[in-house]
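J.: curious how this folds, go ahead:
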Amino acid sequence: MILVFGGTTEGRKAVEVLEEGGNVYYYSTKTGEQDITLHNGQRIDGALDGEAMQLFIREHEIRLIVDAAHPFASQLHETIAQVSAALGIPVVRYERIYPPRDPDITWIDDYSQVPTDITSLLATTGVQSISKLKWIEAKGVKVIYRILNRESSIRLAHQQGATDEQLCFFEDETMPEADAILLKESGLSGGFPEKVAAARAKGMRIIALKRPSLSIINCHCIATPHSQRENATLSKRELSIVNYQLSIVNGSHGLRRAIEKLLPEFYPLHSGLTTGTCATAAAVAATRRLLCGDTPEEVAVLLPNGETITVPVGYGDDYAYCIKEAGDDPDVTNGIEVRAKVKKATNFEICGGEGVGRFTLPGFDYPPGEAAINKGPREMIRKNIERVINELSIINCQLSITIIVPDGSEIARRTFNPRLGIEGGISIIGVSGIVKPFSEEAFIESIRKCVQVAIASGTDRIVINSGGKSERFVKALYPTLPQQAFVEYGNYIGETLSIISSLFTLHSSLFTLNSSLNVTLGVMLGKAVKLAEGHLDTHSRRATMNRDFITQLLREADCPVITDYTLARELWNFLSDEQRTRFAQVVLRHCYTHCRPLLPNGHLTILLIDEEGQVYE
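T.: The predicted structure is shown next:
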């Protein structure tokens, strides 16, 4: 069981991650005023001190704490650390992403350092900070407090001595006039850059309160033997930081991976790493060893969404490597070794070595002849290497990075690469850097790539089908089309048609018939009856065979009503040749009604295929 401390943007994101597990968890906030929807989670409202927190953890058999509380909630972070140390419960701290500190901002460590050479100050640091700023009012500075427009906040503001004239609200569209503004260093999710920009636009001096150090405040602890932990009184006891099992993440991918590692049974399926992330990790490790002789067992990798994860790496004689982990995604690249060799050069470059394929057809991010390292992974590698160079304060450092996959040539034969025109090895891919098990996003992205290649081949017809069986039958009808003209949609019929339509609009000049687009959709009866009912995604978790609807189709076709079947394909066995033709035409008419609007700029042909390969049009 997992206990989450939230009430923040990070808490909301943590909920999204935990909901993917489908298991019960607990979500704790101090006030209970956050508007958030929980499906599998249960809310706990009200502050928990150390004793209450321990009691709750024991009673509910909590095995992992996710600390997604506000970065300035120092007392709560400390209490969580102490409880973790006492009970041996690991903690995942969900940190925010912070931009570099702007030297033009006045940075302070606490409220006593607010400059007094101003006449007015807009304080946006929360209602709890009002009492801490009364001293500056005594110095003659006019202070306006911006707080949440809710009854509890207004009442607390009055209790601390603020008058109604001193209060304004975050919900107000206009910013009050003041010489200076006091902000908390709240990170990207707290809107810190936007607040700074708005204040600068009004010519205000910006004063920022630094976020508390991640180190546990005043927690100087000694190891507590297991036998003593059950009766530990946390309010005055000092506990051991050695017992404080802390993992730090700053994004949803890192949070899920941390939970998968610490409480693997929470998710029925586990995530993995893309080949692009593996190549990036290997490149970072090889760069660190080249530039400073450092050989860590894990390296930090910045993902495209801005968060950072740690990735295990290893080292060979003249290279670093990362083992590809696919999680529970069925991926033939699982377990392969992705290497990176790095050397100094006159210009920064990313090259493909042994086992990395080459593009042989147009339609990719790079022209034929280039290494099959997609744009996303190239950007990941470049940004991460630049970050390493900046951290080491090395000037004018240019590197040549070669990505190698020793078994890539053999593995590529079991992928879509030959069909896509990628030869000699695997491709280095990855949009998000993380592979979610059976990821729809990854599959749809592969459809998009296949359609791009089909368009770039110059074909005047794209043939989409559900898989190898239907493709084999349909191919016989179009023997002159290139292999690249055939695209598998799996279950994503609607998504595939939409992708074709949008990409054709962008690249219509590449077609032989520039003014029109011809698309053939091949479908077998099991998916066709779902599509005919309007289900553009035919996966069984979203659409099931509707017997009543099939009965309607049979009646429309003037066929006998059939009830003794388990699978839709069995219907063919009960119909005569003439009835089959009438039934197929009714099914096709319904399918066309739902699919045609998705292809407004082309001509759509739908083919219904029976189990023997008979095609109905």
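J.: what's the weakest-modelled helix or strand in this structure?
T.: helix 226-229 (a mean of 33; mean pLDDT, DSSP states H and E).
J.: how about low-confidence regions in the stretch 251-400 of the chain?
T.: Filtered on pLDDT under 70, the stretch 251-400 of the chain yields the residue ranges 330, 363.
J.: again, 90 this time
T.: Counting by pLDDT under 90, the stretch 251-400 of the chain contains low-confidence residues at 267-272, 304-306, 325-335, 359-368, 372, 374-376, 393, 395-396.
J.: now do the helices in it.
T.: 252-262, 275-292, 375-391 (DSSP state H, counting those that start in this stretch).
J.: so which of the ones you listed is the most surrounded?
T.: Each of these was assessed for mean neighbour count using mean count of other CB atoms under 10 Å. The highest is helix 275-292, with a mean of 26. For the C-beta atoms, the positions are set from N, CA and C on the backbone; glycine is no exception.
J.: and the helices in the stretch 1-150 of the chain, which stretches?
T.: Going by DSSP H, counting those that start in this stretch, the stretch 1-150 of the chain shows helices at 9-19, 50-59, 74-87, 134-138.
J.: what is the third one packed up against?
T.: Packed against helix 74-87 by the contact rule (3 or more CB pairs under 8 Å, 6 or more residues apart in numbering; DSSP states H and E) you find helix 50-59, strand 64-67, strand 91-94.
J.: and it, which residues are buried?
T.: Under the neighbour-count criterion of 16 or more other CB atoms under 10 Å, helix 74-87 has 74, 76-87 buried.
J.: returning to that earlier point: in CSV: the helices of the stretch 1-150 of the chain, plus mean pLDDT.
T.: Formatted as CSV, those follow (pLDDT from 0 to 100):
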stretch, mean pLDDT
helix 9-19, 89
helix 50-59, 92
helix 74-87, 90
helix 134-138, 91
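J.: out of the ones you listed, which comes closest to Y489?
T.: Across those, the minimum distance to Y489, taken as CB to CB, is reached by helix 9-19, at 28.0 Å.
J.: what are the buried residues along that closest one?
T.: Neighbour-count burial for helix 9-19, counted by 16+ other CB under 10 Å, picks out T9, E10, G11, R12, K13, A14, V15, V17, L18.
J.: could you pull up the contacting residues of the third one?
T.: Applying CB atoms under 8 Å, 6 or more residues apart in numbering, we find G11 in contact with V4, F5, Y27, T29, Q34, I36, A68, A69, Y94.
J.: now do the fourth one
T.: In this structure, R12 makes contact with G6, Q34, I36, judged by CB under 8 Å, 6+ apart.
J.: and with 7 Å instead?
T.: R12 makes contact with I36 under the criterion CB atoms under 7 Å, 6 or more residues apart in numbering.
J.: ok, so what distance separates it from I562?
T.: Note on R12: its distance to I562, by CB to CB, to the nearest Å, is 50 Å.
J.: how about the last one?
T.: In this structure, L18 and I562 are 45 Å apart, going by CB to CB.
J.: rewinding a little: closest one to D318 among the helices and strands packed on helix 74-87?
T.: Per CB to CB, nearest to D318 of these: strand 91-94, 36.5 Å.
J.: circling back: dump the buried residues of helix 9-19 into CSV; add distance to G408 as well.
T.: Formatted as CSV, the entries for the buried residues of helix 9-19 read as follows, by distance: CB to CB, whole Å:
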residue, distance to G408
T9, 41
E10, 39
G11, 42
R12, 41
K13, 36
A14, 37
V15, 40
V17, 32
L18, 36
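J.: closest to S446 out of those residues?
T.: Within the set of these, V17 lies nearest S446; the separation is 24.5 Å, counting by CB to CB.
J.: isn't the closest one up against S252?
T.: Yes: in this structure V17 lies within contact range of S252 using CB atoms under 7 Å: 5.1 Å.
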